[in-house]
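In: I would like to see how this sequence folds:
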Amino acid sequence: MNTLIIVIAIFFLSLLFNIPLSKLKIPPIIGYILTGIIISSVFEIDKETIEHLAEFGIIFLMFLIGIEFSPEKLKSMKKEVFLYGILEMLIVGLIFGFISFYIFDIELQISLIIGSAFALSSTAIVLKLLNERNEISKSFGRNSLGILLFQDIAVIPILLAIAIITNKNVSFYQLLTETTIGFIGLAIMIYFFGKYIAPFILKHAAKTKSDEIFLSTMLLIVLSAAEIAHFFGLSYTLGAFLGGMIISETPYKHQIEADLSPFRDLLLALFFISVGLSVNLEFALNHIFEVLLMAFSFMALKTLIIFIILQFFTKKRVALKTAFALSQVGEFAFVILALLSNHNLINPELDQEFILSIVISMIATPFIIKYLHNIVEIFDKNIDIEVEFKPANLGGHTVIIGYNNIGKKIAKKLNKLSQTYIIIDKQIENVKEGIKRGDNIILGNAGNRRILDALNIKEASTVIITTQHEENIHIITENILAINPHMRIIVITDEMSSEYEYYKEHKIIRVDKSKEIAKKIIKLFLKLKEEHGSN
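Out: Below is the predicted model:
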């Protein structure tokens, strides 16, 4: 079959699925997986080549996420990575392992490996979706990232276990020693590469003022970081993440993010197509009900286990969101199942059922994350209100004080403009409503200096006050100006406001609430944002 025809078919089907799906606001991940399913049933295709290319998508994703996480930030995530990560892998892996042993009648050693595979979640899907929705900085986003990072590390002992089972001549202590040396070697090499070599190369590439040379240099750095990890027997993605994390401290961070994003998106699309390629359509249609039952049973159980683990350490709402976000089975489970299948350690029919249930869990994930706030609300309407947005990570953001009708309209317009903002309101009913709608909102009194400090007012670009109580406005503005005397403040008031002279004296912008308020404020906001950026 002509390779060009297959490529044309892939692009055509991707468009055919994703154009109508986008109109329904369904993520393109679904369209790419469906494309892979159709392509695999129509064409004879070299799946291995596509899978190798697709892995680069995850490499670029992890590198760019690494750029967002400086070494200092990672140090602050020790609990998420090592405590939550270890508990999740250990408990979920053991429970799923015993299910495989007792229900599917697989021998214990193999069952524990399968259980570990099902404990893994999808780095590619979860982090892509959280990135797009700006939710990695939220509490449940940090938990998800931390657990996913540990899962990347946990893949190594899983592969070691398979190597020991399938090769009786290999010594456990030999493999353990090699892995330990690999970790130490990787840490040293990535540190020197990211701290000294990469910045030196980037500096000279930037001096050429050639976009092509700078882009080539970035690609070299990403792939080198991944290859260093692979050389030491560890995963490409772990190397890419660590490489990005070291690069995050260079002045080229934002340019790298902008230039590498198209590569990440294109190759991730290929990854999702490769997921679809693993599906045997005929088998899927013949076993659709049992596979659906298996997939959703596994997801429900995994969600429950993760929630039970995390609710001992964090708020219930955060625990529940993290559990739902990680409810699917990850892409590395395909690799583990393929290794077991190649050594005839798993029944071929059961292997295909497992693969299909993993694919279904991946297809369900974009919908789960999209409607996460609504799902959590269904499970417990009286669940604790959690400050989801991490104020410490804010900068150049907009602060909206008051979640009344005007506040809601402004938040909606800022969402459309992809602007970073945080809302504060002292009415718990308003905060619950805001969380339900997916807005970045916290509970608190904006007249309190400590609350304003927590909102990082000093680094904010604009403050919009929508509350109508002038006494409160006076207290709030005084506290804001005490923290940042040059803050741009917009206040919504009645035309006959008695505070007119006060606003004029402190250069506070007053907007009459009766005249197409939301549109007027957004225009004003964009103008101030532009001025702020040029300062």
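In: residues contacting residue 159?
Out: 336, 339 (CB atoms under 8 Å, 6 or more residues apart in numbering). Heads up, the C-betas are built off the backbone N, CA and C, glycines and all.
In: in three-state terms, how would it be classified?
Out: Per DSSP: H, G, I helix; E, B strand; the rest coil, the local secondary structure of residue 159 is helix.
In: same question, residue 341
Out: The three-state label given to residue 341 by three-state DSSP is helix.
In: domain ranges for this protein?
Out: Per the record, the chain has its domains at 1-45, 46-379, 393-534, by automatic domain parsing.
In: out of those, which is the most enclosed?
Out: domain 46-379 (a mean of 19; mean count of other CB atoms under 10 Å).
In: between the two ends of that one, how far is it?
Out: Across domain 46-379, the terminal residues are separated by 44 Å (CA to CA, to the nearest Å).
In: so how far is it off the chain centroid?
Out: Distance of domain 46-379 from the chain centroid (CA atoms, centre = their mean, to the nearest Å) equals 11 Å.
In: ok, back up a step: using a markdown table, lay out the domains of the chain together with mean pLDDT.
Out: Listed next are the domains of the chain as a markdown table, based on pLDDT from 0 to 100:
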| stretch | mean pLDDT |
| --- | --- |
| domain 1-45 | 83 |
| domain 46-379 | 85 |
| domain 393-534 | 78 |
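In: assign the spatially most central residue of the chain to helix, strand or coil.
Out: Geometric centre of the chain, nearest residue: residue 127, 2.6 Å, by CA atoms, centre = their mean. Per three-state DSSP, the local secondary structure of residue 127 is helix.
In: please list all residues in contact with it.
Out: 61-62, 65, 136, 144-145, 148.
In: nearest to residue 507 among those residues?
Out: residue 136 (35.9 Å; CB to CB).
In: can you tell me the SS state at the nearest residue to that closest one once chain neighbours are set aside?
Out: Excluding the flanking residues, the one nearest residue 136 by CB to CB, 6 or more residues apart in numbering is residue 130, at 4.8 Å. Of the three states, residue 130 takes helix according to three-state DSSP.
In: so how far is residue 325 from residue 130?
Out: Computed as CB to CB, to the nearest Å, the residue 130 to residue 325 distance reads 7 Å.
In: for residue 427, same thing?
Out: Residue 427 sits at a distance of 28 Å from residue 325 (criterion: CB to CB).
In: residue 31 now?
Out: Distance of residue 31 to residue 325, computed by CB to CB: 21 Å.
In: all strands of the protein, in order?
Out: Counting by DSSP state E, the chain has strands at residues 398-401, 421-425, 441-443, 462-465, 488-493, 509-512.
In: so which elements touch the longest one?
Out: What it means is strand 488-493. Contacts defined by 3 or more CB pairs under 8 Å, 6 or more residues apart in numbering; DSSP states H and E place strand 488-493 against strand 462-465, helix 470-483, strand 509-512, helix 517-534.
In: packing partners of the second one?
Out: Applying 3+ CB pairs under 8 Å, 6+ apart, we find helix 470-483 packed against helix 449-454, strand 462-465, strand 488-493.
In: same list (those) but as JSON lines, adding distance to residue 504.
Out: Compiled in JSON lines, these are given as follows (distance: least, CB to CB, whole Å):
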{"stretch": "helix 449-454", "distance to residue 504": "23"}
{"stretch": "strand 462-465", "distance to residue 504": "16"}
{"stretch": "strand 488-493", "distance to residue 504": "12"}
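In: of all the ones you listed, which one is nearest residue 18?
Out: strand 462-465 (35.9 Å).
In: closest to residue 403 out of the contacts of residue 127?
Out: Of all the contacts of residue 127, residue 403 sits closest to residue 136, with 23.8 Å by CB to CB.
In: residue 315 versus the closest one, what's the distance?
Out: Separation of residue 136 from residue 315 (CB to CB): 18 Å.
In: for residue 45, same thing?
Out: For residue 45, the distance to residue 315 - CB to CB - is 47 Å.
In: residue 175 now?
Out: In this view, residue 175 and residue 315 are 40 Å apart by CB to CB.
In: same check on residue 196?
Out: As for residue 196, its distance to residue 315 is 42 Å (criterion: CB to CB).
In: try residue 17
Out: Distance of residue 17 to residue 315, given as CB to CB: 38 Å.
In: then residue 52?
Out: For residue 52, the distance to residue 315 equals 42 Å [CB to CB].
In: next one: residue 401
Out: Taking CB to CB, one finds residue 401 at 24 Å from residue 315.
In: same deal with residue 262?
Out: For residue 262, the distance to residue 315 - CB to CB - is 37 Å.
In: and if you look at residue 55?
Out: Going from residue 55 to residue 315 by CB to CB gives 36 Å.
In: how about residue 201?
Out: 44 Å.
In: just give the nearest non-adjacent residue to residue 341, would you?
Out: Among residues not flanking residue 341 along the chain, residue 351 sits closest, at 5.0 Å (CB to CB, 6+ apart).
In: what's the answer for residue 101, then?
Out: Closest residue in space to residue 101, ignoring its immediate chain neighbours: residue 111 at 3.9 Å, by CB to CB, 6+ apart.
In: which residues touch that neighbour?
Out: 97-98, 100-101, 104.
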